[in-house]
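Participant: got a predicted structure plus its sequence, pasted below:
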Amino acid sequence: MKTMGSRIVELATLIFANTEKIEEYLIANSLPLPSFDEDGPVTLQLSPELQAARSAALNATTELHALLQSPDELLRPIVCLLPLSFIAWYTMCHVYEAYFYPVEWHQPGSYITV
């Protein structure tokens, strides 16, 4: 059975190896390297073989990210967002409630409150 330490090193090595293949291909074919600069490439022009390497690197990155978090950190966004989404929905319904009534239904403030 593999230990978690060996799996994270294996994933990091896989990410490095596949990223290196992609960079070598881009440099060898005089293609722009990925960046977030305004003149950076919008898409990567990779061969099918390198698309597979890219996919493997992205999958390994996702798994590595999950392994390096504790279960508490990994699940917290899911648990915390559920109550917040309900509170946001409830507040929005009450704030915009007045907009759902036609003008002719307008009652004194004691009947419809926002």
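Facilitator: Everything's here; your move.

Participant: for residue 35, which three-state class applies?
Facilitator: At residue 35 the chain is in coil, as set by DSSP: H, G, I helix; E, B strand; the rest coil.

Participant: tell me which element the residue nearest to it when sequence neighbours are not counted is part of?
Facilitator: Leaving out its chain neighbours, the residue that sits closest to residue 35 by CB to CB, 6 or more residues apart in numbering is residue 41, at 7.7 Å. (Glycine included, C-beta is placed from N, CA and C.) If you go by DSSP states H and E, residue 41 is not part of any helix or strand.

Participant: how about residue 66: what's its closest non-neighbour residue?
Facilitator: Residue 66 sits nearest to residue 74 (CB to CB, 6+ apart), 6.1 Å away.

Participant: next, count neighbours for the one you found.
Facilitator: 13 (other CB atoms under 10 Å).

Participant: hang on, the earlier thing: and the residue nearest to residue 35, how far is that from residue 54?
Facilitator: Separation of residue 41 from residue 54 (CB to CB, to the nearest Å): 13 Å.

Participant: when the two are compared, which one has more neighbours?
Facilitator: residue 54 (16 against 13).

Participant: by contact count, what packs against the host helix or strand of that one?
Facilitator: Following DSSP H and E, one finds residue 54 within helix 48-67. Counting contacts by 3 or more CB pairs under 8 Å, 6 or more residues apart in numbering; DSSP states H and E, helix 48-67 packs against helix 4-28.

Participant: contacts for the helix it packs on?
Facilitator: For helix 4-28, contacts defined as CB atoms under 8 Å, 6 or more residues apart in numbering pick out 2, 31-33, 44, 46-47, 50, 53-54, 56-57, 60-61, 63-64, 67-68.
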